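[1] Return a 3D structure for these sequence lines:
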Amino acid sequence: MQTEATVSPADQTRALSLSTIAFTACFAVWTIFSIIGVAIKAELSLNDTQFGLLVATPILTGSITRLFLGVWTEKYGGRLVFSSQMILTALATWALTLADSYVMYLIAALGIGLAGGSFIIGVAYVSRWYDAGRQGTALGIFGAGNVGAAVTKFVAPFVMVAFGWHGVAYVWAAALGTIGVLFFLLAKDDPELVERRRTGAKAPSFAEQFAPLKNLQVWRFSLYYFFVFGAFVALALWLPHYLIDVYKVDVRTAGMAAASFSLSASLFRAYGGHLADKFGARAVMYWTFGFSMIFLFMLSYPPTNYVIQGKEGPIAFSTSMGLWPFVGTLFALGFFMSLGKAAVFKHIPVYYPNHVGAVGGLVGMIGGFGGFVLPISFGALLDLTGIYTSCFALLFVLVGVALSWMHLSVRNMERAAHGEVLDKLPQLPEMQAIHHPDRTAMPRVLEDWKPEDAQFWEQKGRATARRNLWISIPALLLAFSVWMVWSMVVARLPAIGFDFTSSQLFWLAALPGLSGATLRIFYSFMVPIFGGRLWTTLSTASLLLPAIGIGYAVQNPQTPYLIFLTLALLCGFGGGNFASSMANIAYFYPKAEKGNALALNAGLGNLGVSVMQFLVPIVITAGVFGAMGGDPVTLDNGGQLWMQNAGFVWVPFIILATIAAWLGMNDIADAKASFRDQAIIFSRLHNWVMCVLYTGTFGSFIGYSAGFPLLTKLMFPEVNALQYVFLGPLVGALSRAGTGWISDRFGGGRVTFWTFLGMIVAVFGVITFLPSGGAGGSFMGFFACFMALFLLTGIGNASTFQMIPAIMGREIPRLMPELDAAANRKQSERESAAIIAFTSAIAAYGAFFIPKAYGTSISMTGSPVGALWGFLIFYAVCLVLTWVFYTRPGGLLHDIERGRGNTPVSQPAE
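    Numbers count the residues shown, from 1 in each chain. Down below sits the predicted model:
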């Protein structure tokens, strides 16, 4: 960190000016596809998804390289790294003109992406010339180089009209190469690098520079930057295409209108740095997120026609946003995004003065990654929904998440500062006069819960734990039924008059898995915050939304595809429940019985998939609810289907389970913890290893359950698949519920190892029995191998969860030696419950990726074999991880599992 006492103002000005000019040029090159991509799209006849990938590819390289370029700048200095990066990028830009196919354009675009790495080079370089009091302003001025995107929007359309898109590439490459050479000749090495060379001090190691990345705070800053910078880049790339399609303007008008957004989102960054220095970065971030939500809501509202039944008859009107109000709203959005960009990077030199390169590199990488992911998401959403404003709706949700996380983090810090006094206040201020915390007993809260105490467990604990378990199981069974009911509904939609393509059907089958897995991440931490009783009640009641919605939507073949997408996402509520349910039950049982209890809860809960696949084909063939359930659909063969019963049949059971959870379950007072307390698991290596392993077991179970009906129907159309598919989830669920004791007896690590080996063999068998080119194949062989897969996933589901308490029982004493025995036990149980829930969240993405992998493989090759080979390779990786970390001699679980076969089941795992 430098001050004016050690660095002259002239040198500061030189460093800042040269860096800002260089960054402007790099940013102009980085966003070059926003203009020339329109010509390339027409030249190659690309669809919206392909176009989104093309314009986003440079952002991918620019994002990933930021992490390494930041570290190299810390080590070798900005003068050398910045110059080299610009010259290499100029060569890649020139090489773009030699491409002659879509693949070659993508490869060239990867090289152009180096331009995006310039930002972190400049941040690390400029921050060394200024002290903390002026860094916000200096970095804000430097960051205003984002205006390079506007330069491209203003100038490139005219160059392209005159000389074609090749001319734009030649001019931009020449300009950037020239600036790279001038920067090397005119810039000076930063004072810290000069001092380090003078004294002979060693540059910080990679391990030292990457050390702060384990802090959750760094990842929170990254999410902020994912929006303020990533969304800025994404919109800069997407807007010309959007304006041309929606408002029917030419490329020059679209470029000028999009440039106004790029200008406001760039030039005011310097002002944002000044505001962050004056009022604090946190206040500026609140302004950014608050106003962004308002503007994004306005932009995301699609043109709509309304018809209201009034007193004198129908009243019709419509809403839409014209071109100039659209441009004005974008300009205002860009202004607040520019303030936010400066505020995020105000945090980094203050919090991490010795790790600006590494921390800024990660934050910049995640932000830049947003510029890669979001354009692809925009294109996919447009292809899926057909609604142009869906891109702004996605950003609205993103801002909501970022604002909520920031506010909760701020509130947690404030609560920690106030201490116990704040915790004793009532929830409602008007109750303060009558509130006596010391004398108020909370209903159904277990104040003294000691499952490891044998006497307590036998006299009181076991009965209470079993009651909570047997209420939790049917609630979880219903959650799985609702989560996976979509797989059965999707398979029958064409038969009842819905004209959806195979790709659209696979999307509908996959989306509940995507939303369920994402919700699990949040549900993972809800039980310690809200209590198991309240959260189980709320999460079970939420299943009514998709159940009732499905019942009404399938009755009308004119129901828009967007409604089905929404219902598919709402089915994810059922998937999210698993994480909170498992975390809750984990608190009730001692280690010696935890594996079996979790296996029963999960296994019988998983049974909901099989119950659903068995029950739905029956109830849709009869008018179960009479006139209340609606009319049936008459099929081509004269039969009738009450498809709405697939949703309605669960409603009475969900209501009963909700009441049972509220009246019969308990909260454990000792299990209360904030998100911050639980977030320590993100720094635990074994949390991430177990995420991979559990994805291999449970991710496979739920993914195969979601994709099995449709895959079987496509591969063996002559077989009535719906008569058999329920057997797979049934086998998987029962094997999980019935094999928990095997892991308790022989060790979860060893059982997991042999499970993955068996899954490799079973997948190879599935590949062998599939038809080739629409001919051959064996349904019986295919079906038998899949039954083996389901059996093995159930065994592996139980064994992986048994491993987690054993792993943390060994790790916590090593990682936190200062804790006494009681605190050690509490910390181990807290982290084990959080890891169990979080791994289930990550693994649940299998419900999305496996059906989607089938669909992608079939669309690309005409067969699902490519996807299956990918699964087989993944299981091999899981096998190696299990052996390396846990079961080999010297592995974490080797000693406690050796000789486990002679250990009685009732003994503790450790």
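
[2] what about the stretch 551-700 of the chain, any weak spots by pLDDT?
    595, 623-632, 634-639, 670-679 (pLDDT under 70).

[3] gap between the residue nearest the centre of the chain and G576?
    Nearest to the mean C-alpha position of the chain, by CA atoms, centre = their mean, lies T518 at 6.0 Å. For T518, the distance to G576 equals 8 Å [CB to CB, to the nearest Å]. Backbone N, C-alpha and C define where each C-beta goes, glycine included.

[4] Pull up the overlap in contacts between these two.
    Residues touching both T518 and G576 (CB atoms under 8 Å, 6 or more residues apart in numbering): there are none.

[5] Tell me how far stretch 804-817 lies from the chain's centre.
    Distance of stretch 804-817 from the chain centroid (CA atoms, centre = their mean, to the nearest Å) equals 28 Å.

[6] Quick one: residues in contact with that stretch.
    Outside stretch 804-817, the residues touching it (CB under 8 Å, 6+ apart) are 586, 591, 594-595, 684, 686, 690, 748, 819, 824, 827-829, 831-832, 835-836, 839, 886, 892-893, 896, 909-910.

[7] switch the cut-off to 7 Å
    Defining contact as CB atoms under 7 Å, 6 or more residues apart in numbering, one finds that stretch 804-817 is touched by 591, 594, 686, 690, 748, 824, 827-828, 831-832, 835-836, 892-893, 896, 909-910.

[8] for the stretch 801-910 of the chain, what spans make up the helices?
    For the stretch 801-910 of the chain, the helices defined by DSSP state H, counting those that start in this stretch occupy 821-843, 846-861, 865-882, 894-897.

[9] Out of the ones you listed, the one nearest V763 is which?
    With CB to CB, the closest approach to V763 among the helices of the stretch 801-910 of the chain belongs to helix 865-882: 4.5 Å.

[10] That closest one - contacts with which helices or strands?
    helix 685-694, helix 748-769, helix 846-861 (3 or more CB pairs under 7 Å, 6 or more residues apart in numbering; DSSP states H and E).

[11] Where do the strands of the stretch 551-700 of the chain begin and end?
    633-634, 640-641, 667-668 (DSSP state E, counting those that start in this stretch).

[12] could I get those as CSV with mean neighbour count and distance to V181?
    Below are these laid out as CSV (neighbours: other CB atoms under 10 Å; distance: least, CB to CB, whole Å):
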stretch, mean neighbour count, distance to V181
strand 633-634, 16, 71
strand 640-641, 16, 72
strand 667-668, 24, 67
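
[13] returning to that earlier point: now render the helices of the stretch 801-910 of the chain as CSV, adding mean neighbour count and distance to I760.
    Output for the helices of the stretch 801-910 of the chain, formatted as CSV (neighbours: other CB under 10 Å; distance: least, CB to CB, whole Å):
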stretch, mean neighbour count, distance to I760
helix 821-843, 23, 18
helix 846-861, 22, 16
helix 865-882, 18, 5
helix 894-897, 17, 22
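
[14] Among those helices, single out whichever gets nearest to M715.
    That would be helix 846-861 among the helices of the stretch 801-910 of the chain, by CB to CB, at 9.5 Å.

[15] where in the stretch 801-910 of the chain is pLDDT low?
    837, 847-848, 895-910.

[16] switch to 50 and redo it
    Within the stretch 801-910 of the chain, the ranges that satisfy pLDDT under 50 run 900-910.

[17] can you pull out the strands in the protein?
    Taking DSSP state E as the test, the strands found in the chain are 304-310, 313-319, 445-446, 633-634, 640-641, 667-668.

[18] The last one: how far from the chain's middle?
    Looking back up the chat, that one is strand 667-668. Worked out by CA atoms, centre = their mean, strand 667-668 lies 30 Å from the chain centre.

[19] can you list contacts of it?
    Contacts for strand 667-668 (CB under 7 Å, 6+ apart): R444, V445, L446, W449, G531, G532, R533, Y587.

[20] List the neighbouring strands of it plus their orientation.
    Using DSSP bridges, the strands paired with strand 667-668 are strand 445-446 (parallel).

[21] In the top helix by length along the chain, which residues are buried?
    Longest helix of the chain, by residue count under DSSP state H: helix 148-186. For helix 148-186, burial by neighbour count (16 or more other CB atoms under 10 Å) applies to 148-157, 159-160, 165, 167-170, 172-173, 176-177, 179-180, 183.

[22] Who are the packing partners of it?
    helix 9-30, helix 33-44, helix 78-95, helix 251-267.

[23] Apply 10 Å and report the result again.
    Packed against helix 148-186 by the contact rule (3 or more CB pairs under 10 Å, 6 or more residues apart in numbering; DSSP states H and E) you find helix 9-30, helix 33-44, helix 78-95, helix 102-112, helix 232-247, helix 251-267.

[24] hmm, back to that, figure out which of the helices of the stretch 801-910 of the chain is closest to V233.
    helix 846-861 (25.7 Å).

[25] isn't M365 right next to V218, touching?
    No: if you go by CB atoms under 10 Å, M365 and V218 don't touch, sitting 11.3 Å apart.

[26] Compare those two (neighbour count), which wins?
    Per other CB atoms under 10 Å, whichever of M365 and V218 has more neighbours is M365, with 24 against 21.

[27] follow-up on the earlier one: residues in contact with the residue nearest to the centre of the chain?
    L569, G572, G575, G576, A841, A844, Y845, F848 (CB atoms under 10 Å, 6 or more residues apart in numbering).

[28] Turn those residues into TSV, columns for distance to A283.
    What follows is those, written out as TSV (distance: CB to CB, whole Å):
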residue	distance to A283
L569	34
G572	35
G575	38
G576	34
A841	33
A844	37
Y845	36
F848	38
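
[29] Specify which member of the residues you listed is nearest to G37.
    F848 (28.7 Å).

[30] where's G364 relative to V616, distance?
    The value you get for G364 to V616, if CB to CB is used, is 49 Å.

[31] do M285 as well
    With CB to CB as the criterion, M285 and V616 are 47 Å apart.

[32] L381 now?
    29 Å.

[33] Could you do M803 as well?
    34 Å.

[34] quick one, which of these two is more surrounded?
    M803 (30 against 26).

[35] which residues touch the more buried one?
    Counted by CB under 10 Å, 6+ apart, M803 has contacts 595, 686, 689-690, 693-694, 743, 747-752, 882, 885-886, 892-893, 897, 909.

[36] and I107, how many residues sit next to it?
    Going by other CB under 10 Å, the residues that sit close to I107 add up to 15.

[37] Would you confirm that it contacts P58?
    No: the criterion here is CB under 10 Å, and I107 misses it with P58 at 11.3 Å.

[38] can you list residues touching both of those two?
    With CB under 10 Å, 6+ apart, I107 and P58 have common neighbours A92.

[39] can you pull the contacts of the closest residue in space to M787 that isn't next to it in sequence?
    Nearest residue to M787 in three dimensions, chain neighbours excluded: V731, at 5.6 Å (CB to CB, 6 or more residues apart in numbering). Applying CB under 10 Å, 6+ apart, one finds that V731 lies in contact with S610, F701, F786, M787, A788, L789, F790, L791, L792, T793, G794.

[40] cutoff 8 Å now
    So V731 contacts M787, F790, L791, G794 (CB under 8 Å, 6+ apart).

[41] Show me the residues you listed that map onto helices.
    Checking these against DSSP H, those in helices are M787, F790, L791, G794.

[42] Just give the number of residues close to the last one.
    Okay, so that is G794. By other CB under 10 Å, neighbour count at G794 equals 30.

[43] Find the residue closest to it in space, skipping its chain neighbours.
    Closest to G794 by CB to CB, 6+ apart is S735, at 3.1 Å.

[44] Just confirm A276 contacts G140, I think it does.
    Yes: using CB atoms under 8 Å, A276 makes contact with G140 at a distance of 7.4 Å.

[45] any common contacting residues for these two?
    With CB under 8 Å, 6+ apart, A276 and G140 have common neighbours A342.
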